[in-house]
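In: build the 3D model from these lines:
(one chain, ligands or ions: 1)
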Amino acid sequence: MKDRFGREITYLRVSVTRRCNLNCVYCGKADCEKKETELAPAVIERLVRAFVACGIRKVRITGGEPLVRADVCEIIARLRAIDGVETLALTTNGVLLAQSAAALKQAGLDSVNISLDSTDGSTYRHLTGADVLERVLAGIEAAQTVGLFPIKVNAVLMKGVNSDGAGALIDLAKTRSIDVRFIELMPFSDAGETASLLVTGAELLRRFPFLTPIESEAGTAKYYTGPGFLGRVGLINPITEKFCADCSRIRLLADGRVKPCLGDETVYDLTPYLDDAPALQREAARCILQKPAGHQFESRAAAHGLNETGG
Ligand code: SAM
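Out: Below is the predicted model of the structure:
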């Protein structure tokens, strides 16, 4: 269905936990205690069904780190069984991916985005607080082996922190048939002062002049290729090229509240309607209609880290 601004809302991002096994500097504090607020797979299914009845076609499971949930495959299987879910994707830091890729595929997952901000071990450890780069690289390998497709690697660059490693990340798209996408750093509460750290998409195009634009599917990323590249390089520029007018997303938080816009603090609690399917669908539609015109990152930071919001 369309929101008040005529945008077709077709994409639901579902945070299944606030917990995370990493502690990335720009994201949010790892939250190890909130397991009791997580929704059961059957409840997540009920909520997603309400949104699918409102026109959602693509669902992405995220968090926190979704793979820390032991029942993530049950969640995937339940969402896969919903008529109308055309694409089922997952975003992960990849730490637990090598051991779970086959089961995720078996449960019905289509594709995976893996967050990787550096291919240098010590920079990775500095950014995430964990010495697990090799496990993430093995996770990417495993995802390819079991046939999850497409595979996208997402990186956030920060000046003086990991921006020197952009070339090595781009090399992943050169040598493998995966997309490597750079997301501009957004000002979430835990990210601190982000303006001076921001590496813009335009800067990357100046630094890597061999990147040439290619036809991109509708979405947030603009895609580029380079000589002999097997994969693509994507630029996602929420700060310098606000794409809110084309936003098709809505977010379900790990506790059953709905956040229609990543950059707006308004949330709607759907848990009082869980036992009443028509009311749940009505409230889901209301959330879509309440989606604001766009984020206000230019003027203020979001109050919560992405770990909490669901990245
Ligand atoms: N744990 C999963 C992961 O690491 O992909 C899913 C959740 S994580 C919050 C999702 C994505 O949000 C990651 O790719 C991370 O880099 C991104 N992210 C977190 N804080 C950000 C910020 N301040 N600006 C831009 N992206 C951010």
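In: element containing the closest residue to the ligand within the stretch 151-300 of the chain, please.
Out: Per C-beta to the nearest ligand atom, Met186 is where the stretch 151-300 of the chain lies closest to the ligand, at 3.7 Å. No exception for glycine: its C-beta is placed from N, CA and C like everyone else's. Using DSSP states H and E, Met186 falls within no helix or strand.
In: not counting residues beside it along the chain, what's closest to Ser216?
Out: Tyr223 (4.3 Å; C-beta to C-beta, 6 or more residues apart in numbering).
In: helix/strand/coil for Cys227?
Out: No, residue 227 isn't Cys; it's Pro. coil (DSSP: H, G, I helix; E, B strand; the rest coil).
In: tell me which residues in stretch 87-107 are buried?
Out: 88-98, 100-101, 104-105, 107 (16 or more other C-beta atoms under 10 Å).
In: scratch that, stretch 201-218 is what I was asking about
Out: Gly201, Glu203, Leu204, Leu205, Leu211.
In: from those residues, which is closest to Arg4?
Out: Nearest to Arg4 among these: Gly201, at 28.9 Å, using C-beta to C-beta.
In: need the contact list for that closest one.
Out: Phe182, Glu184, Lys222, Leu235, Ile236, Asn237, Thr240, Glu241 (C-beta atoms under 8 Å, 6 or more residues apart in numbering).
In: which of those residues count as buried?
Out: Buried among those (16+ other C-beta under 10 Å): Phe182, Glu184, Lys222, Leu235, Ile236, Asn237.
In: what's the most distant pair in these?
Out: The largest separation in the buried ones among the contacts of Gly201, counting by C-beta to C-beta, is between Glu184 and Lys222 at 12.1 Å.
In: common neighbours of these two, please.
Out: Common contacts of Glu184 and Lys222 (C-beta under 8 Å, 6+ apart): Gly201, Asn237.
In: which residues of the stretch 1-150 of the chain fall in strands?
Out: 11-15, 58-62, 87-92, 111-115 (DSSP state E, counting those that start in this stretch).
In: could you dump the ones you listed to a markdown table with mean pLDDT and distance to Phe229?
Out: What follows is the strands of the stretch 1-150 of the chain, written out as a markdown table (pLDDT from 0 to 100; distance: least, C-beta to C-beta, whole Å):
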| stretch | mean pLDDT | distance to Phe229 |
| --- | --- | --- |
| strand 11-15 | 98 | 27 |
| strand 58-62 | 98 | 25 |
| strand 87-92 | 98 | 23 |
| strand 111-115 | 98 | 18 |
